[in-house]
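Colleague: Using only what follows, build the 3D model:
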Amino acid sequence: MQTNQAANVNNHKKRLITLIQVAKSQLGLDELLYRSMIKAATGKDSLRAMTLPELETALEAFKQKGFKVRANPSSNKGKNTVKRRLSPVSGSAKVAQIDKIRAIWITMGHHLVIQDSSETALDTYVRRMTLRSKNEGVDATAWLDEYQAERVLESLKNWHKRVLIERIINRGERLQMNEKGTRPANYEVIVAQYEGCSRDTSSCEADSNEAASGEDSQ
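Modeller: Below is the predicted model of the structure:
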């Protein structure tokens with residue numbers, strides 16, 4: 001199990017390094033400016049010497065300068081190209097959970113849990129999930145009813161939370177737990193810890209308390 005976990009960390013580090021190198025090219029940075037940016041963000045000027053959280057910090061610095069993570073175009077070579085649709089604006093869904101599903105899907109893309117955070121890719125995931133439940137696949141996220149949307153939402157949250165917990169542990173951080181200390185805190189708290197919110201208790205205290213109490217009620 002430890003070997004698999006180490007392999008997952010190494011694979012994630014390789015992908016982050018690739019994305020940072022793409023960012024350098026996309027932003028048109030020369031070597032001097034590129035090195036100064038990663039050193040300012042992490043204290044190191046070599047990607048190979050960085051830990052996983054340092055690589056994530058470095059990538060975030062490039063995103064703040066305008067870098068956009070895109071799906072790998074090489075995955076479409078030799079295939080019919082399908083135009084990727086973006087998710088509609090929040091508040092337009094017929095079921096409230098659908099807006100939450102779309103928000104989490106996009107956040108998973110930002111966290112590099114998934115490679116394609118488009119509405120097209122989400123529709124594919126929704127179709128697969130609904131086929132599993134009652135063998136009645138729903139072809140579009142927008143068509144989910146309340147029951148189906150709730151199931152898809154919980155599935156996404158569990159998937160996202162599981163990946164983030166593994167990454168937090170790999171950072172060497174102490175995982176935030178519920179009030180009783182019996183299991184990891186709920187989804188919102190884990191996301192906040194992963195994004196660094198837990199290091200600023202003054203700004204996160206209210207969210208953490210609310211989320212912890214919600215975890216006990218589940």
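Colleague: Tell me where this protein has helices.
Modeller: 2-26, 31-42, 52-64, 96-110, 119-134, 146-170, 187-194, 201-217 (DSSP state H).
Colleague: Packing partners of the third one?
Modeller: Contact analysis of helix 52-64 by 3 or more CB pairs under 8 Å, 6 or more residues apart in numbering; DSSP states H and E lists helix 2-26, helix 31-42 as its packing neighbours. Every residue, glycine included, has its C-beta placed from N, CA and C.
Colleague: Where among these is average confidence lowest?
Modeller: In terms of average pLDDT, helix 2-26 trails the rest of the helices and strands packed on helix 52-64, at a mean of 79.
Colleague: what comes up buried for that helix?
Modeller: By neighbour count with 16 or more other CB atoms under 10 Å, helix 2-26 contains the buried residues V9, H12, K13, L16, I17, L19, I20, V22, A23, K24, Q26.
Colleague: need these in JSON lines with distance to S46, can you?
Modeller: Shown next, in JSON lines, are the buried residues of helix 2-26 (distance: CB to CB, whole Å):
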{"residue": "V9", "distance to S46": "18"}
{"residue": "H12", "distance to S46": "18"}
{"residue": "K13", "distance to S46": "13"}
{"residue": "L16", "distance to S46": "14"}
{"residue": "I17", "distance to S46": "10"}
{"residue": "L19", "distance to S46": "16"}
{"residue": "I20", "distance to S46": "11"}
{"residue": "V22", "distance to S46": "17"}
{"residue": "A23", "distance to S46": "16"}
{"residue": "K24", "distance to S46": "13"}
{"residue": "Q26", "distance to S46": "20"}
